[in-house]
Structures are given as C-alpha cells and as structure tokens.
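Peer 1: I'll drop the sequence and a predicted model, then ask my questions.
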Amino acid sequence: MRRAIAVLGVSALAVGLAGAGAKARPAAALAAPAATALPGDWPTWQRDLRGSRYNPYEHGITPDNVSGLKLKWAFAYPKEAGTPRSQPSVVNGTVYFGGPDGKLYARDARTGAAEWEFDTATVGTGATPVQDSPAVARGKVYFGDKRGYLYALNQRTGRLVWVRRIDSSESATVTGSPIVFGGRVYVGVSSWENLLGTAHACCTFRGHVDAFDADTGRPAWRFYTVPPPRKDGTWPNGVTRYAPSGAGVWSTPVVDPATRTLFVGTGQNYSGSGGHFDSLLALDTATGTVRWTRKMTAVDTWRIECSSSVPEEQEFCLNLDEGTALDYDLGAAPNIFTVGHRRVVGIGQKSGVYHLLDARSGEIIWERALSTPMPNGGLSGVQWGTSYDGHRLYVATYAADPGTLYALDPATGRVLWKTPNPADGCTTGGAARYPDVCALGHTPAVTTTPGLVWEGGIDGKMRAYSASTGQVLWTYDTIRDVDTVNGQVGRGGAISGGGGAVVSHGMLYVQSGYFFNPYPTDKGSVLMAFG
C-alpha cells in the first residue's frame, strides 16, 4: 500500500545551513578524496545489505589469539548526557559514532585521535541524542536523532550536506539505522508516545518507513504501518482516545539487491488494534508498495500503564485482562540468506521466537522458540539483532533467566549449541558490587567474525565465544574506570543495546553503559576500542 507524503523540513542546502555544525579536520585531511568502504570495513549497522552482521574479512582477531585482546583506547561521554546506544561504523581507517550528547564523532579507528565532530544543536531546537548507527556510503555519513531528524554529512569533513525532519509527532524518534541502496537512503521511524502517561490523548503516532534521495534528501516514498487514527471514545479519565496507532519501526531495514526488496520489522499497537503491527514487511525498494507482510501476533496493544501495579493506571491498559498487552515487537533487524536454492529471510521477536520465511512469498518455513514468553514487556526474547556467518544462525535472548546465546541450523532451526550468560557474571568484576541490580542477559545484537561470536551482557561483560562450540574464549569487564582520549575518566556499565560489537581490521569496538544501566557512577559512559 503506497501512500503519498509531505515530508517535514527542507534540504539544509536550500536554507543555507550547509557547512554548519562540524569542527574541521586539518587541511591535509581535507584535501584527501572521499573514502569508500574497503573489505574488512564495517560501514553500516548490519555491515552488509542483507543484515548478516558478519565480517568475513576479519583475520586479525582469531579463535587462537582472541584471548590476547587488550583495551587500546576509550572515549568518554559527559556524565550529564546519559548513556550511549549508537553502534560505531568503521570505514577507511575512521570510526564514526553518535553520542548521547547530541554529537556525531569521527575519530581515527586505531588511535582514537579526533578527526571531526558534528553537533546536532546547530539544527532545530538544540542538541538531541544520536541513538542509531551511522551508515557510511556515497561519501556521506547518514544518521538520525531522537527527535525525528535525518542527516547527511560529508564523510571527509563532517559538514552538513542535507537534513530532513521526517516526523514531527510528539516523541517521534529514529532508533533504527539508515541503509543505503540504489541511490536512496531508507530509514524507519518510531515513537515514545505510548510512554507519555495518562494525561496524554493516546495515541496518534503512525510508524513508517521512508525512502529519500541519498544525495539531495528529496523524499521518494513513505509507507505507513497503520491507517490514520480516529477518535475512539475516551480513556477512563475522560481524555480523548485515538486508535489504531503505533507499530513503530525500531530497527534498521535490510535489502535483497537481487529482487530489490526491503525487509523490516514493526512494533506493537499503542492503542486499538490494526495495521501491520508485530509484522515483517517486504516492500518494493523503488515504490514502497507491499510485496507481502506477515503478522506474528494476533493482537498486541501495549503502553506504559500496562506495566503499572497501580489499579488506577492499569485502567488505561484496556486489554490487560485479555492477555494481549504483550509488547512483542519485531525490533530486531532481519537476516537474508539462502538455504539450498531457496531465498529466505529470518527475524527474531521479543516473544523469544526466531521466524524463518520464504523471502519471495512470506510463507513460514520454521519457527524456533528460544525462551519462555514474558507477556506485558517481552523482555525475555530477542531484542535487537541476530547474525548469520554462512554456516549458522546466532541468536541471543535478553532477560530470559538467564539470557542465552544460541547457534541454530539455518535449514531446520535445530539448536546446534547454546551457552547461557555465564553464572559468574554478577559475582565477578564490577557487577559483583551490585548483586541486587545485576542480571544475566543480553541487550546487544549478535556479531560474528570467522570462528568467533561476539555478545555483551547486562553484567557489563563483553565476551567472545567459539562459533563452533559456544565456549567462552575471552571476557572483558567494562565496569571499571578508564582513562580516555578526550581527557576524561569514563566508566562502563551494561553493554549497550541498539547495536552490538563492531569488529574491523583487528579491532573491536563496544559501547558500554546502556540506558537500562543499573550500575551507579559519577562518570560518563564510554566507547571502548580493543586490539
């Protein structure tokens, strides 16, 4: 279903903002040509169009030498800025990452030396956190922010090329990372509207996927996940109720270049029940028209009051007694690969199920339940993403008591091995000081390199596992004070969700200090680089 749109905002070039916001690099660096991604780089959230989260060119870190990984440098964010979730991208010797302080940073990937930085405070109404991973392509760096802006910066200088406000709804946000294909940049939009409380006339937000010209920012198409909300009575306090709404797009899309199909998952309804909620979408990249959709949950309407223990607030979760306040988003990015001669697409869900479907028809091939569903929150399942290395699928569950890392047979879904979050995660390292708040679970997406699987935990540990056996080969406790290249003392915490580990050219990059971080500190969270 293709819909006409009017995208808010105008090109930054048109209003004279080009060049704003960036601190310049040295003159010698400015003279260099725009760099393109090389084998071994990690230019996007997924690393590749098909969403593998696998770097086949990584030969510097192997199962034989991974135990020797050491912290090479770290970067600290201001304490008052909050905690990070922007997974880094690495292209041609530069690491690009966003901060909770509203800045997009470019630093030398080996040393952490500053190259340039861009401040979102130069656009709109002030700085706002950068939550998604930048996508580096076509000589530009694309990323979104928490208030619904999408940016394109010059990759070499950090200068603003164009910017669009792609949603002005209250609490609209970009958490899913852009992906660039065929001269266009694709991105999903979600919202925190269902967390605004009982005084809010919930809800009018509609999730959507947008396509823009990658060079100019001109809108190409928009696909809405729900129909326009209409007045639907009132909430118990008399505030107007609108429905249906929600079905936000929290994660990054993937693209099958052979069929020019974009795949992306959606979240739950905020009010009412309707549209493509808890669904995997297959859209034509040229037009945004539907090729097929597959809904994974019959009814799922959830807002923050569904988690309340206060009876007066529970009245605002009208379907709580029906058991359909689930929050079973498909917030993880899909994986596209081939089984035999069949093109398939798989995706994890917060219900704890990994689904594998025929990429052309949407027919379900197999489904594997990896954790016990946790209604009204969905925190036991698959959060952000999974990985495929050409041999196995790797899936991690979150707060599944404990969260567990799985290797699956991609043809059948059979469990090949499973490794629970190590039991000593909360009794060793920095987490041992906080036994009442530590938990054994995985917030980040899974990453793979030849022979290795990378996953971090709420316990603050970053770990490397054997891809063939699931054995833990290396552990680093990030809950510690570290000196940083920007002159501050930082401190890690829970390994950041929203993305995962990035492994490129013999280096490992990890954001530590997720917003669910339970570990108190008077220091800012950190990006850590190992080699």
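Peer 2: Nice, thanks for sending it over.
Peer 1: any chance you could map the helices in the stretch 201-350 of the chain?
Peer 2: Here the stretch 201-350 of the chain has its helices, by DSSP state H, counting those that start in this stretch, at 311-314.
Peer 1: cool, the stretch 1-150 of the chain as well?
Peer 2: Along the stretch 1-150 of the chain, counting by DSSP H, counting those that start in this stretch, helices occupy 27-30.
Peer 1: what residue ranges in it score low on pLDDT?
Peer 2: Within the stretch 1-150 of the chain, the stretches with pLDDT under 70 are 1-21, 23-35.
Peer 1: mind listing the strands for it?
Peer 2: Under the criterion DSSP state E, counting those that start in this stretch, strands of the stretch 1-150 of the chain are mapped to 22-23, 71-76, 89-91, 94-98, 103-108, 114-119, 135-137, 140-144, 149-154.
Peer 1: The closest residue in space to residue 512 that isn't next to it in sequence and residue 172: what is the separation?
Peer 2: The shortest distance from residue 512 to any non-neighbouring residue, by CB to CB, 6 or more residues apart in numbering, is to residue 492 (3.3 Å). C-beta coordinates here come from the backbone N, C-alpha and C atoms, glycine included. Between residue 492 and residue 172 the distance is 30 Å, computed by CB to CB, to the nearest Å.
Peer 1: Compare these two (neighbour count), which wins?
Peer 2: Legend: neighbour count by other CB atoms under 10 Å for residue 492 and residue 172, higher for residue 492 (32 against 24).
Peer 1: Name all residues that make contact with the more buried one.
Peer 2: 430, 460, 478, 479, 480, 482, 512, 513, 525, 526, 528 (CB atoms under 8 Å, 6 or more residues apart in numbering).
Peer 1: Quick check: residue 127 vs residue 164, distance?
Peer 2: For residue 127, the distance to residue 164 - CB to CB - is 18 Å.
Peer 1: These two: who's more crowded?
Peer 2: residue 164 (24 against 20).
Peer 1: Where does that one fall, secondary structure wise?
Peer 2: Using DSSP states H and E, residue 164 sits within strand 160-165.
Peer 1: Describe which strands that strand pairs with in its sheet and in which direction.
Peer 2: strand 149-154 (antiparallel) (DSSP bridges).
Peer 1: Output the strand it pairs with as PDB, nothing but the C-alphas.
Peer 2: Only the C-alpha atoms of strand 149-154 are listed here, as PDB (Å, rounded to 0.1, in the frame of the first residue of the first chain):
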ATOM      1  CA  TYR A 149      15.700  14.300  12.100                       C
ATOM      2  CA  LEU A 150      17.700  12.500   9.400                       C
ATOM      3  CA  TYR A 151      21.100  13.900   8.500                       C
ATOM      4  CA  ALA A 152      23.700  13.500   5.700                       C
ATOM      5  CA  LEU A 153      27.200  14.800   6.400                       C
ATOM      6  CA  ASN A 154      30.200  15.000   4.200                       C
END
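Peer 1: what pLDDT, on average, does stretch 156-164 get?
Peer 2: When pLDDT is averaged along stretch 156-164, the result is 98.
Peer 1: count of neighbours near residue 497?
Peer 2: By other CB under 10 Å, 24 other residues sit near residue 497.
Peer 1: The residue sitting furthest away from the middle of the chain and residue 316, how far apart?
Peer 2: Using CA atoms, centre = their mean, the residue of the chain lying farthest from its centre is residue 238. It sits 36.4 Å away. In this view, residue 238 and residue 316 are 12 Å apart by CB to CB.
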